[in-house]
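> Coordinates for the following, if possible.
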Amino acid sequence: MAETAVTQARRCPPDAAYKVINPILGRLLRSPLHSPISKRLMLLEFAGRKSGKRFRIPVAYVADGSTLLLSTQSRWKANLRGGARVAFWLGGKRRTGAAELIEGEVGVADALGRMVRAEPGFGQIIGVGLGSDDQPLQADLQRARERGFVAIRITPD
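Reported below is the predicted structural model:
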């Protein structure tokens with residue numbers, strides 16, 4: 001019997017809340033006080049592809065072997081299209097790497113599935129549940145992609 005999608009995504013805070021929360025998290029993630037939030041969050045820095053302006057955004061991540069996986073549905077993802085050099089603070093230390101935006105149906109499903117299996121709480125955020133076989137529900141993955149979620153793979157230098 002096929003499992004059906006029943007997982008609801010958490011509601012995101014209003015944009016105004018991010019303007020207050022993000023700078024605070026950014027300072028914490030760059031400080032010696034980064035733990036324990038740095039176990040799930042890192043600070044991502046990248047340049048706007050048109051403006052060149054530097055952006056710093058706290059993001060949830062999952063370690064996947066030697067790479068990091070993260071996901072977003074926010075507009076800033078366009079800055080990583082075509083590959084981009086990024087900096088990130090992980091464990092209170094600044095590092096650099098290459099970001100790869102994953103947008104295709106199969107690639108997004110695979111990456112989001114890896115993230116949900118590694119950190120089920122991430123699935124609650126994006127609305128992807130695990131079936132009785134501990135695999136992400138395919139219908140939930142499809143709905144997340146339809147809502148604009150993409151995956152980003154960062155390969156550290």
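> Please make it C-alpha for all contacts and neighbour counts, starting now.
Noted.
> What are the buried residues along whichever helix in the chain runs longest?
Secondary structure assigned by DSSP state H gives helix 15-30 as the longest helix of the chain. Residues of helix 15-30 classed as buried: 22, 25-26, 28-30 (neighbour count, 16 or more other Cα atoms under 10 Å).
> May I see these organised as TSV, with pLDDT and distance to residue 44 added?
Listed next are the buried residues of helix 15-30 as TSV, based on pLDDT from 0 to 100; distance: Cα to Cα, whole Å:
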residue	pLDDT	distance to residue 44
22	76	11
25	79	11
26	81	9
28	78	13
29	83	10
30	82	11
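> Now do the SS call for the closest residue to residue 135 other than its chain neighbours.
Leaving out its chain neighbours, the residue that sits closest to residue 135 by Cα to Cα, 6 or more residues apart in numbering is residue 117, at 6.9 Å. What DSSP: H, G, I helix; E, B strand; the rest coil gives for residue 117 is helix.
> One more: residue 89?
Residue 89 is classified as strand under three-state DSSP.
> List the beta-bridge partners for the closest residue to it other than its chain neighbours.
Nearest residue to residue 89, sequence neighbours excluded (Cα to Cα, 6+ apart): residue 43, at 5.1 Å. Here residue 43 sits in beta bridges with residue 58, residue 89, going by DSSP bridges.
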